[in-house]
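> After the sequence you'll find the predicted model.
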Amino acid sequence: MLQVVYHARLAEERQLFSFEDVVEAITRKMIRRHPHVFGDAEARSARSAKGQWERIKTEEKAERRQLRATAATTRLSGDAVAAEKPAEAGPRHLDGVPGALPALTLSLKIQIKAAAVGFDWDRPEPILAKIEEEIGELAEAVGARDGDATEAEMGDLLFSVVNLARYHQVDPEKALRRCVRKFRDRFGFIEDGLAASGRALQDASLDEMEALWAAAKFRGAEGD
């Protein structure tokens, strides 16, 4: 808070903005971005709330671009000069998603932003059909021994699976980590079982390891 007040005071001395302006701006933004909290009964419904955040942010970005363009035009000496200056293209809708995110999380956030403007399926059947289609294309790429195509089709398949997870409100990153924890637990059971008989993993056959895997599932590990 000290830093906020300090910077606001510096700005006020330069006649840029005041602390009151900061409070007013953030209050206005919170009310605008949360119509499901501050709006009427219809705006507060769960159906209306879906996708509102991204839609409103998109509107705000468009408004800021327009204000910057207006300010830039105002600074020019005349309409003729303004006509010579090419309009700057604004950022595209998905540009705001950081590319450094883990791939599953990145896929999820990209899909959420696309869905916010209506680019989405409203039922699971087309998503399942898409997954089946991608599996078929992946099988073709593998059969052709095309490494690059196999990588591309594998990505398409994973992206489609993330889409299905999103539809069912499942975080794919969390779901995969849960699966990995389960795998590590069961694999550890295999290793412990072999060690109890004085053997190492390298000494066991696949059939022996699968038998211990089945025992690990039977002992109550979650799911399959």
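Right, received. Where do you want to start?
> Can you pull the domain assignment for this protein?
2-84, 103-170, 175-218 (automatic domain parsing).
> Mean pLDDT lowest where, among these?
In terms of average pLDDT, domain 2-84 trails the rest of those, at a mean of 71.
> what residues are up against the residue nearest the centre of the chain?
Centroid-nearest residue in the chain: Lys109, 1.6 Å away (criterion: C-alpha atoms, centre = their mean). By C-beta atoms under 8 Å, 6 or more residues apart in numbering, the residues touching Lys109 are 97, 101. Heads up, the C-betas are built off the backbone N, CA and C, glycines and all.
> who's in contact with Arg199?
Applying C-beta under 8 Å, 6+ apart, no residues contact Arg199.
> Can you read off the backbone torsions of it?
According to degrees, to the nearest 10, the main-chain angles of Arg199 amount to phi -120, psi 160.
> any idea where the helices of this structure begin and end?
2-13, 19-33, 35-38, 46-49, 52-75, 79-84, 103-115, 124-143, 147-167, 172-196, 206-218 (DSSP state H).
> Give me the contacts around the second one.
Outside of helix 19-33, the residues within contact range by C-beta under 8 Å, 6+ apart are 4-5, 8-9, 12, 38, 52-53, 56-57, 60.
> go on, the first one?
Contact with helix 2-13 is made by 17-19, 21-22, as judged by C-beta under 8 Å, 6+ apart.
> The residue nearest to the centre of the chain and Asp171, how far apart?
Distance, Lys109 to Asp171, by C-beta to C-beta, to the nearest Å: 11 Å.
> what residues are up against Leu157?
Per C-beta under 8 Å, 6+ apart, neighbours of Leu157: 131, 134-135, 138.
> And it, how far from Ile131?
Counting by C-beta to C-beta - Leu157 and Ile131 are separated by 7 Å.
> returning to what we had before: which among the contacts of helix 2-13 gets closest to Arg186?
Proximity of the contacts of helix 2-13 to Arg186 (C-beta to C-beta) peaks at Val22, which lies at 54.1 Å.
> returning to what we had before: distance to Asp146 added to the contacts of helix 2-13, as CSV?
Output for the contacts of helix 2-13, formatted as CSV (distance: C-beta to C-beta, whole Å):
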residue, distance to Asp146
Phe17, 58
Ser18, 63
Phe19, 62
Asp21, 59
Val22, 57
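> Farthest-apart pair in those, please.
Phe17 and Phe19 (8.4 Å).
> Report how many residues lie close to the closest residue to Thr150 other than its chain neighbours.
The shortest distance from Thr150 to any non-neighbouring residue, by C-beta to C-beta, 6 or more residues apart in numbering, is to Ala141 (4.4 Å). By other C-beta atoms under 10 Å, the residues close to Ala141 number 18.
> pretty sure Met154 contacts Leu138?
Yes - Met154 is within contact range of Leu138, at 6.0 Å (criterion: C-beta atoms under 8 Å).
> For those two, indicate the residue with more neighbours.
Shown here are Met154 and Leu138; by other C-beta under 10 Å, Leu138 has more neighbours (19 against 15).
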